[in-house]
Structures are given as C-alpha cells and as structure tokens.
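K.L.:
sequence-free structure coming up:
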C-alpha cells in the first residue's frame, strides 16, 4: 500500500490573501495599536508612536535574517542581554621601568655515569611503549 509523503512541510499556508496567519496577526496587531494611538493622542504624538510600532510589525511579518524570522533574532538578542555572561579577567604582570631584567643562571650541569646499557634501554622502551590497551604498569613478557 502506498502512502503519499507530504512535501514542503516547512512552508506555512497562505490563509488570508497573500499572508500567512502569523503575518496577518503581526500586521493586524500593529495596525490596531496604530489606530488606538491616533484615536487617543494628537496627530504628532500618534505619528511619533505609530512609526516604530508599524516598523516592528512589518519587520516581524516580513523581514528575515539569514533565513530566520525576525522574532527569533529578537528572542536571541533578549536572551543574550538578559542571560548571565562569563567574564574572565587575566591580570597582566606589572611592568617595571628602568630596571634590568634578571637573567636566570643556566649553566649546564654535567651528567655523571650516563651509561645506557641494553637492558636499561629495553626497559625504557617497554615503559614508553604506546599501544592501544596497554597500561603504564604493564610488565614485559618473560
């Protein structure tokens, strides 16, 4: 039995003319708020308050940033602003002027009795052997 798999499930349906339901709600909300501003305030103040509201409504309805809706960008900005931030402060060493730097004494010390026998070499090689599953405390085979 064959079933049809829905295609284009990420595309919202156009419900009201060329607008999706979400776009219509954003535009209707912004338009209703602008009507309220014009009915209660003088023309200058209503225009002053309506322009940002209409711009926000249009941005929420139509503007996309890198393929993401503007509401997700606003949510990310709010979460970043309100969220806790980890601030790491690295204190720099104080700089002292007019002082010559101290040079450490690096005279080489002679190595005495540095004879490496075959037994010591094989024991060293066995302890440094890096194999999957081998542990550091492994004993060499008899």
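P.N.:
Yep, that arrived. These figures come from a predicted structure and were not determined experimentally.
K.L.:
pLDDT weak spots in the chain?
P.N.:
Scanning the chain for pLDDT under 70 picks out 96, 98-114, 129-142.
K.L.:
where do the helices sit along it?
P.N.:
Assigned by DSSP state H, the helices in the chain fall at 21-40, 43-62, 70-82, 118-128.
K.L.:
with respect to residue 3, which of those lies nearest?
P.N.:
Set against residue 3 and scored by Cβ to Cβ, the helices of the chain come closest in helix 21-40, at 27.4 Å. Placement of C-beta: from N, CA and C, glycine included.
K.L.:
list the buried ones in the closest one?
P.N.:
For helix 21-40, the neighbour count (16 or more other Cβ atoms under 10 Å) marks 23, 24, 26, 27, 30, 33, 34, 37 as buried.
K.L.:
distance check, residue 66 against residue 88.
P.N.:
29 Å (Cβ to Cβ, to the nearest Å).
K.L.:
please disregard the earlier target; I meant residue 36.
P.N.:
Residue 36 is 48 Å from residue 88, by Cβ to Cβ.
K.L.:
residues in contact with residue 69?
P.N.:
residue 60 (Cβ atoms under 8 Å, 6 or more residues apart in numbering).
K.L.:
could we number from 781 for the rest of this?
P.N.:
Right, with 781 as the first residue, what we last looked at is residue 849.
K.L.:
beta partners for it?
P.N.:
Beta bridges link residue 849 to residue 844, judged by DSSP bridges.
K.L.:
please report the number of neighbouring residues for residue 906.
P.N.:
When neighbours are defined as other Cβ atoms under 10 Å, residue 906 has 13 of them.
K.L.:
which among the buried residues of helix 801-820 gets closest to residue 796?
P.N.:
Distances from residue 796 to those, taken by Cβ to Cβ, are shortest for residue 804, at 4.6 Å.
K.L.:
for that closest one, which non-adjacent residue is closest in space?
P.N.:
Sequence neighbours aside, residue 796 is the residue nearest to residue 804 in space, at 4.6 Å (criterion: Cβ to Cβ, 6 or more residues apart in numbering).
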